[in-house]
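Visitor: got a structure for you, letters missing:
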């Protein structure tokens, strides 16, 4: 820990001496500065950032003709200070299979880097030295492709069937050869502990997540989440499509909270193009996003409580959610996977019946919130099951890069709507609910309080909504050349997008920094020592949606 | 009363109908009616369509009143597999194992565009998904949509019920139908650009020039 | 002979119980179609190949829980016949049943004090 509060910029310039250094504008490009450092200095840089309480927001790579660029984004809770540090990995006319593209790993410093680096290894072929577990993350283990390289021009048609048949054959062999082997091995060792797959098909509704639990009786010794069962190649797809054609992707990443993803994409491209949407558009955007936030929290509450065994709140929450979906369906036509926003505006104006419907909905929903309070929040069984369970400390939160309500339940009032405001959020009056314990109960409590705050925002927006147009007309189809980063507060945390545009009609590289990717890692820290029934409670409380992790 | 022939096979069971005052159901019809009216789905949500499946089970749409509300997490106890969501290639062996582990008679519904034919994630040269579940397991009913409304799901299951009662499907394993991918669009993959070129500041937009080459 | 008449109910119960199990096991064997895939006989672990075997040393806590459950299940089983003849015997039955329950409650209290009801 440094004795004096050194400014990170001056420390970088004087001590590390980067090869390139550019000061940038936080409003137009999303970062304070960007620096290119030598490969052997990156660990020192990461240590200094960690010492100054920065968390690793995003780690990605970009494929250029002569080298690969590994891009680190660091950010802080206290004030908006996103910093971009890059290292270059020269290609030397090699191929990824040679294994000569290497970079140092920072996973011993930032624990969230472990998964980011595995993903970069899988998609680009860069080998990170000293990484504890450099295996493929999202694609099957037996894959040989490096998809996000520009030299990868796609698989031939019909390859899905051939690869599927190959994978099914490997699986059957696993049952016939590998499993009996392991059974006899286990039997001869007389150990007490065993492995259990909380597999891809399980009744919890978070999607297809596999958690490999190492158990001793009922207690968890170790947990390893294995993802990739929902990988739908959004990033590669978006490099081939035009910017406008990427809107449906934004609706399907986090399908329960899709409006905030729409918001992020709109803010990103409007920042890049340098346009501001009309005022009515801003109000409608905030209105629909907050309604969607309510619907998403209700879905989370229903399924989380069902995992714990309470069936009644499931039906109540889904019924309330259906009312909200009716309101949003009036305007957008969709119930779930919205793509309602457009660059500089919206798809169409809101339906005239929408605001009266919302005015009718708000007092009814406030009554229901009181019901939930009495039914669940004050319930002694619920309290006994969730208090002092799955505690997430602030140090772990920095190391794992946790954001969103899970972070606010550990005592950190970090919300991008206040920390790095966008749209009309500075003019609205709402609080950031925070709670200091960091256990499962706190995360539940924070989300219930956020629902009340969203209701407040909706009431204010309806009062103040101006009349006007909802579109800026025809905008150019390509985005000016450059690098842009923008982040919004989605229902699960900080959703960041990093765009590299070469001035053409398609994005050159669009990295999606999804909040659940970092949040899920924190279960490695929270699960050891829990009983099996607590595993489900902890997994439910961090509120993940698998397709946004696997992208 | 004459029983002309009594066949006790594993697949069908029929006593010849008795002509007389009353009209007797064939035993097989009774079994089919029982199977159709109490389908037990397997909880198998993969992606967005799973949320519509859950909403279908919740209070407003209520699948339980049709008989298919008893959702079983274990394939040994289920007889209907509703594949809801995109099938990524890593998930394929899992699906096949689960399908094998279901006891016959078993039925499959492909819910949503992704399970039918790849959905919005099908583009030329895609590397991650399986375009449609009917490439590896036989499907009885396809419910299109992205995502389909819960009413559409209920309509799909009722169509399956009709098929079971009219004996169009038997619920045994058959060969999967492998459709060829029909996407012949040319792929538009671009090459990598040079970093040095990229870092140069963009040329100022000269007003009369027609295009802006970066 | 009246004693044997009472036991005839027990015989009827036995026949119905056993018959239910036998019929429900044999009926699917006769009427259901057979359809076994490659992986049908393999252990179910959410669709993946399991890692390691399951024949490990079990924690002794499971045994203790099972033991306590058994004891109280048998107690509940004794209470049911008492219900039927309760009215005939009057207050004597009440005192006897209370004594029975009190003695078994001592066993619960002992188990509670020894910390059996929380998983170590």
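Guide: Structure's in. What do you need? The model shown is predicted, which means the values in this text are computed figures rather than measured ones. Numbering: from 1, shown residues only, chains lettered A, B, ... in the order given.
Visitor: pLDDT value on the residue in the stretch 401-550 of chain A positioned nearest to chain B, please?
Guide: Of all residues in the stretch 401-550 of chain A, residue A:503 sits closest to chain B, at 3.5 Å by CB to the nearest CB. (Glycine included, C-beta is placed from N, CA and C.) What the model reports as pLDDT for residue A:503 is 85.
Visitor: I'd guess it is in a strand, am I close?
Guide: No: read with DSSP: H, G, I helix; E, B strand; the rest coil, residue A:503 is coil and lies in no strand.
Visitor: confirm for me that it is in contact with residue A:478.
Guide: Yes: between residue A:503 and residue A:478 there is a contact at 6.0 Å, judged by CB atoms under 8 Å.
Visitor: please name the residues that touch the residue of chain C found nearest chain A.
Guide: Among all residues of chain C, residue C:46 sits closest to chain A, at 2.0 Å; criterion: CB to the nearest CB. For residue C:46, the contact set (CB atoms under 8 Å, 6 or more residues apart in numbering or on different chains) comprises A:197-202, A:210, B:94.
Visitor: compute the distance between it and residue A:229, please.
Guide: Distance, residue C:46 to residue A:229, using CB to CB, to the nearest Å: 11 Å.
Visitor: find residues that contact each of the two.
Guide: A:200, A:210, B:94.
Visitor: these in strands, which ones?
Guide: Using DSSP state E, the subset of these located in strands is residue A:210.
Visitor: ranking by neighbours, what's the top pick from the shared contacts of residue C:46 and residue A:229?
Guide: Counting neighbours by other CB atoms under 10 Å in any protein chain shown, residue A:200 leads the shared contacts of residue C:46 and residue A:229 with 26 neighbours.
Visitor: which residues does that one contact?
Guide: Contacts of residue A:200 (CB under 8 Å, 6+ apart): A:208-210, A:229, B:91, B:94, C:46-48.
Visitor: and of those, the nearest to residue C:104?
Guide: Proximity of the contacts of residue A:200 to residue C:104 (CB to CB) peaks at residue C:46, which lies at 40.5 Å.
Visitor: grab the nearest non-local neighbour of that closest one.
Guide: With sequence-adjacent residues excluded and distances taken as CB to CB, 6 or more residues apart in numbering or on different chains, residue C:46 is closest to residue A:199, at 2.0 Å.
Visitor: separation between the residue most central in space within chain C and residue C:80?
Guide: Residue closest to the average C-alpha location in chain C (CA atoms, centre = their mean): residue C:73, at 6.7 Å. Using CB to CB, we find residue C:73 at a distance of 11 Å from residue C:80.
Visitor: list the buried residues of the longest helix along chain A.
Guide: Determined from DSSP state H, the single longest helix within chain A is helix A:279-308. Neighbour-count burial for helix A:279-308, with 16 or more other CB atoms under 10 Å in any protein chain shown as criterion, is recorded at A:280-308.
Visitor: tell me who's in contact with residue 147.
Guide: Picking chain A for this. Applying CB under 8 Å, 6+ apart, the residues near residue A:147 are A:123, A:139, A:233, A:236, B:127-128.
Visitor: right idea, wrong chain: chain B
Guide: A:335-337, B:48-49, B:51-52, B:111-112.
Visitor: one more pass at 7 Å, please.
Guide: A:336-337, B:48-49, B:52, B:112 (CB atoms under 7 Å, 6 or more residues apart in numbering or on different chains).
Visitor: one more: residue A:397?
Guide: By CB under 7 Å, 6+ apart, the contact set of residue A:397 is A:407, A:410, A:412.
Visitor: same question, residue A:209
Guide: A:225, A:227, A:546.
Visitor: helices along chain C, start to end?
Guide: C:2-31, C:60-89, C:91-113.
Visitor: looking at those helices, which is closest to chain B?
Guide: Chain B lies closest, by CB to the nearest CB, to one member of the helices of chain C: helix C:2-31, at 5.8 Å.
Visitor: how about the closest one, does it reach chain B?
Guide: Yes: using CB under 7 Å from any CB of the partner chain, we find that helix C:2-31 touches chain B at C:30-31.
Visitor: same deal with stretch A:263-275?
Guide: No: Stretch A:263-275 does not reach chain B (CB under 7 Å from any CB); its nearest approach is 12.1 Å.
Visitor: and that stretch, what's buried?
Guide: Neighbour-count burial for stretch A:263-275 flags A:263-273 (criterion: 16+ other CB under 10 Å).
Visitor: around chain B, pick out the residues from the stretch 51-200 of chain A.
Guide: Neighbours of chain B within the stretch 51-200 of chain A, by CB under 7 Å from any CB: A:63-67, A:69, A:139-140, A:145, A:147, A:150, A:153-155, A:157-158, A:160-161, A:163-164, A:167-168, A:171, A:200.
Visitor: inside helices: which ones of those?
Guide: Per DSSP H, the subset of these in helices is A:160-161, A:163-164, A:167-168, A:171.
Visitor: now render those residues as JSON lines, adding pLDDT and neighbour count.
Guide: Compiled in JSON lines, those are given as follows (pLDDT from 0 to 100; neighbours: other CB atoms under 10 Å in any protein chain shown):
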{"residue": "A:160", "pLDDT": "81", "neighbour count": "26"}
{"residue": "A:161", "pLDDT": "83", "neighbour count": "20"}
{"residue": "A:163", "pLDDT": "85", "neighbour count": "20"}
{"residue": "A:164", "pLDDT": "84", "neighbour count": "21"}
{"residue": "A:167", "pLDDT": "86", "neighbour count": "22"}
{"residue": "A:168", "pLDDT": "84", "neighbour count": "19"}
{"residue": "A:171", "pLDDT": "82", "neighbour count": "22"}
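Visitor: for chain A, what is the nearest residue in chain B?
Guide: Counting by CB to the nearest CB, chain B gets nearest chain A through residue B:125, at 1.8 Å.
Visitor: these two touch, right, that residue and residue A:155?
Guide: Yes: with contact defined as CB atoms under 7 Å, residue B:125 and residue A:155 form a contacting pair (5.7 Å).
Visitor: contacts only, for the residue nearest to residue A:97 when sequence neighbours are not counted.
Guide: Sequence neighbours aside, residue A:125 is the residue nearest to residue A:97 in space, at 7.3 Å (criterion: CB to CB, 6+ apart). Going by CB under 7 Å, 6+ apart, residue A:125 touches A:96, A:101, A:146, A:149.
Visitor: please repeat the previous calculation with a cut-off of 8 Å.
Guide: A:95-97, A:101, A:146, A:149.
Visitor: just checking, which helix or strand succeeds the longest helix anywhere in chain B along the chain?
Guide: Counting by DSSP H, the longest helix found in chain B is helix B:150-165. Next along the chain after helix B:150-165, taking DSSP states H and E as the criterion, comes helix B:195-199.
Visitor: what is the mean pLDDT for that following helix?
Guide: The average pLDDT within helix B:195-199 is 80.
Visitor: residues contacting it, please?
Guide: A:64-67, A:69, A:88, A:481, A:500, A:502.
Visitor: which of these are buried?
Guide: With burial judged by 16+ other CB under 10 Å, the buried subset of the contacts of helix B:195-199 is A:64, A:67, A:69, A:88, A:481, A:500, A:502.
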